[in-house]
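> Below is the structure, and that's it, no one-letter string:
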């Protein structure tokens, strides 16, 4: 009998993140903390909840550091490994960087699940790192009742050409490089075992070309769309840059099967918590509940949300001057 990995986890992928409001209160005490004798200048830290940390080492060279790991989002361990690796690398791309080296993070219920499944997850992660031109060397493992896998990634970037979430300006268009709906399809997969190949293809696609396109276009503001959903990550971007946004819901790309999944009720608790978090700051009066849930859907290895236009990415809205609502959805 085939093992269904998703049945060994309470949640799946980025939907198992700690809710954003709770997380911010936990890490608030770390903002502003600095070492006595830093080896470099901190360019991006915890202040605005950006995708990764960035430190200037020397001149225009910056090092980017991030980590991401999660419980199984699909049943196939090889696909899970590929998705988890692409998701972790995405934080470096979202900052405009190039991943250089990564290490594995593996939590495994050694008395419950066979290690050949863990080996398959590691193989998937290695394949994606190889495609990204990123060394994968070593890592750390622990015995854990719930399987988890991901990477800690180090990358490099030009210090003066970072993509950040606090540089949005009124008048800039908003582009999205991958469709939404990954969360509801993963939730349906976990509940029913149905396989959604289109979702796996999206989650295993690297954001490298989108990041390069943004830098080539002179863009300096971006973030990736993962566990806090499009609305959550857009809210953080607007809050960090002191702007608001108008979002055209009809222009937002959504995977076809996702609309059926949300109508059938396959919505994770993480998605509902995302919507609760942004609701006080968002005018959703012009859209129905299903649309609002898709806009808040907890994505795993989602696309880049870019303040600017890049080839192949639909424009889904505009940044505007600060208004009563941080986000207005039309």
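Structure received. Here the structure is a predicted model, which is why all the values come from computation and not from measurement.

> Now do the SS call for the closest residue to residue 263 other than its chain neighbours.
Here the nearest residue to residue 263 in space, its sequence neighbours aside, is residue 290; by C-beta to C-beta, 6 or more residues apart in numbering that works out to 5.9 Å. Every residue, glycine included, has its C-beta placed from N, CA and C. Classification of residue 290 using DSSP: H, G, I helix; E, B strand; the rest coil returns helix.

> repeat for the one 10 residues further on
State at residue 300, reduced to three classes by three-state DSSP: coil.

> measure it to residue 92 for me?
Plainly put, residue 300 is 17 Å away from residue 92 if you go by C-beta to C-beta, to the nearest Å.

> Please apply the same query to residue 53.
Applying C-beta to C-beta to residue 53 and residue 92 gives a distance of 11 Å.

> The protein: strands as residue ranges?
In the chain, the strands defined using DSSP state E lie at 41-44, 53-58, 61-70, 98-108, 135-143, 148-158, 173-176, 222-224, 244-247, 282-283, 304-307, 315-320, 327-329.

> Isn't residue 292 up against residue 286?
No - the pair formed by residue 292 and residue 286 falls short of the contact definition of C-beta atoms under 8 Å, at 10.1 Å.

> Which of those two has more residues huddled nearby?
Neighbour comparison, residue 292 and residue 286: the larger count goes to residue 292, with 20 against 10 (by other C-beta atoms under 10 Å).

> residues in contact with the residue nearest in space to the middle of the chain?
With the centre of the chain defined as its mean C-alpha position, the nearest residue by C-alpha atoms, centre = their mean is residue 226, 2.8 Å away. Contacts here follow C-beta atoms under 8 Å, 6 or more residues apart in numbering; on that basis residue 226 touches 14, 17, 87, 90, 233, 298-302.

> what is in contact with residue 53 and residue 92 at once?
Listed as contacting both residue 53 and residue 92 by C-beta under 8 Å, 6+ apart are 64, 66.

> more crowded one of these two?
Summary of the neighbour comparison: residue 53 and residue 92, criterion other C-beta under 10 Å, with residue 92 having more neighbours (30 against 17).
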